[in-house]
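K.L.:
fold the stuff below for me.
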Amino acid sequence: MFTKRFGLEIEFTGITRQKAAETAVGFLGGSIDATGDYYDARKITAPDGRIWKIMYDGSIHCQKKEGRRTISADNRYSVELVSPILLYREDIGQVQALARRLRKAGGFANKSCGIHIHLDGANHTPRSIRNFVNIIYAHNDLLYKSLQIAPERMRYCKKMDAYLVERMNKEKPKTLGQIEEIWYEKYLGNRNSHYNSSRYYFLNLHSFFHGNHTVELRGFNSTLHAGKIRAYIVLALALNHQALTQKSASYRKVQEENEKFAMRVWLNRIGFIGDEFKSCREHLYQHLDGNAAWRYGSKENVRSHISARNTENGGQNI
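P.N.:
Numbering: from 1, shown residues only. Prediction:
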C-alpha cells in the first residue's frame, strides 16, 4: 500500500505565511518565490526540484500567541502547507521533520483547521471507486469519533451521503462516467468549478472527476504533531489500498458494541500490523470507548457474556 503517490495539505495558524515559508526553506533548502496571486502563495523550490507551497485559506480562523494567551490575528496568519507529490517510505521522515519545525516556530492548529490527503487516482476503476464509497460509509461513525472531527469543520467534511450510497449500490455503475453522473445528481452549478459543493465530504470525488484526478480524504483535524500526521497518512493509504484490492466492499454499518476492538480488527485487516504501526494504532484508538484486546471488554465480561449465552441456550455449553 506504500507504493501509491499522495499529496498533503496542512492548515494551521500561529505564524504568518512569510515566517512559515522561511521556516520551511530553512529546513528544505532551496528558494522562495512569491506568486502575488489571490492565495498570496509562496513557492518553495527544494534542491530536488519539487515545489512546496505556503498559501492563504479563507476557512481558517486566524490566531496567534501573545504571552500565554491565544488571541485573534489578521489573515497573514492563515497558513496552508501544500506538499508536492510524495511517497511514504521516501518522504514520511521529511514531512514529520518539517511539521516539527513549523510547530517549534510557533505554528499551531485550531478547530477551524483541517488536513486533506490526496491519493493518486490513476489506478482507480469503477469497482474500486464504489468500494471506496462503501468503505467510508460503513465506517462513518467509527471514523468520525476516532478522528474527533470538530463540529466547526463538519460543513467542510460531511459524512458520506446515504442517498449517494443507496444509488451507487442500486445502479451498480460499470463506468466512471456513470459514477460521475450519480455523484453530481444532487448538485446544481458548474461541475468544473473548483468549489463545487459536492466536494465537502469526508471522501471527495469532485477532485477525481474535475480536479487533479485524485481521491481526496478531508476528514482529519489539522495538527503539527508529527506522529498524528503519520497516522493519518497511513490510514489514508490503507483505505486506498483496501478500495483498490478488494473484490467488493459492503456498505453495511459496522457493529460497534466495543469501538476500540472494532477499530483494532479493521486496522489489522487493512495493514496496521506489527510494531511499526503501534503508535499509529494508538492515535486512532485514543478517543474510542471499549477495550482493544477483548471484544466484550475484559476476561470477566467475556465469561459473563458466555454464561448469558449458555443460559439463553437452555444451559447448554457453547
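
K.L.:
where does the protein dip in pLDDT?
P.N.:
Across the chain, the ranges flagged by pLDDT under 70 are 297-318.

K.L.:
which residues touch whichever helix in it runs longest?
P.N.:
In the chain, with assignment by DSSP state H, the single longest helix is helix 226-245. Identification of contacts with helix 226-245 by CB atoms under 8 Å, 6 or more residues apart in numbering yields 1-2, 4, 6, 8, 10, 88, 92, 95-97, 99-100, 115, 117, 119, 123-124, 128-129, 131-132, 135-136, 215, 217, 220, 223, 249, 267, 270-272, 277, 279-280, 283-284. The C-beta positions use only the backbone N, C-alpha and C, and glycine is treated the same way.

K.L.:
do that again at 7 Å, thanks
P.N.:
Residues outside helix 226-245 that contact it (CB atoms under 7 Å, 6 or more residues apart in numbering): 1-2, 4, 6, 88, 92, 95-96, 99-100, 115, 117, 119, 123-124, 128, 131-132, 135, 215, 217, 220, 223, 270-272, 277, 279-280, 283-284.

K.L.:
make a PyMOL selection of the buried ones in those.
P.N.:
Provided next is the PyMOL selection string for whichever of these are buried by 16 or more other CB atoms under 10 Å:
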select buried, resi 1+4+6+88+92+95+96+99+115+117+119+124+128+131+132+135+215+217+220+223+270+271+272+277+280+283+284
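
K.L.:
re earlier: and after the longest helix of the chain, which helix or strand comes next?
P.N.:
Using DSSP states H and E, the helix or strand that follows helix 226-245 in sequence is helix 259-270.

K.L.:
so which elements touch the next helix or strand after that following helix?
P.N.:
The first helix or strand that comes after helix 259-270 along the chain, using DSSP H and E, is helix 278-285. With contacts defined as 3 or more CB pairs under 7 Å, 6 or more residues apart in numbering; DSSP states H and E, helix 278-285 has these neighbours: helix 226-245, helix 259-270.

K.L.:
tell me which of those helices is the most buried.
P.N.:
Neighbour counts (mean count of other CB atoms under 10 Å) averaged over each of the helices and strands packed on helix 278-285 peak at helix 226-245, with a mean of 21.

K.L.:
next, the angle from it to helix 259-270.
P.N.:
Counting by axes from the mean of the first three to the mean of the last three CA atoms, to 10 degrees, helix 226-245 points 60 degrees away from the direction of helix 259-270.

K.L.:
from the chain's centre, how far out does helix 226-245 sit?
P.N.:
When C-alpha coordinates are averaged (CA atoms, centre = their mean, to the nearest Å), helix 226-245 and its chain have centres 8 Å apart.

K.L.:
now do that helix against helix 278-285, angle only.
P.N.:
Counting by the same axes, to 10 degrees, helix 226-245 lies at 90 degrees to helix 278-285.

K.L.:
contact partners for Ala24?
P.N.:
Ile44, Trp52, Ile54, Leu98.

K.L.:
what do you get for Gly219?
P.N.:
Leu143, Leu147, Ile149, Cys157, Phe202.

K.L.:
please repeat the previous calculation with a cut-off of 10 Å.
P.N.:
By CB atoms under 10 Å, 6 or more residues apart in numbering, the contact set of Gly219 is 114-117, 136, 140, 143-144, 146-147, 149, 153-154, 156-160, 201-204, 232, 235-236.

K.L.:
just Phe261 next, same as before
P.N.:
Contacts for Phe261 (CB under 10 Å, 6+ apart) come out as Tyr285, Leu288, Gly290, Asn291, Ala292, Ala293, Trp294, Arg295, Tyr296, Gly297.

K.L.:
the fourth one against Lys260, yeah?
P.N.:
Looking back up the chat, that one is Asn291. Yes. Look at Asn291 against Lys260 with CB atoms under 10 Å: they come within range, at 5.9 Å.

K.L.:
contacts for stretch 266-280, please.
P.N.:
1-2, 135, 138-139, 142-143, 146, 227-228, 230-235, 237-243, 245-246, 254, 263-264, 281, 284-285, 292.

K.L.:
same deal with stretch 141-148?
P.N.:
Stretch 141-148 has contacts (CB under 10 Å, 6+ apart) with 111, 115, 135-136, 139, 149, 154, 157, 159-160, 202, 217, 219-221, 228, 231-232, 235, 239, 253-254, 256, 259-260, 262-263, 266-267, 283-289.
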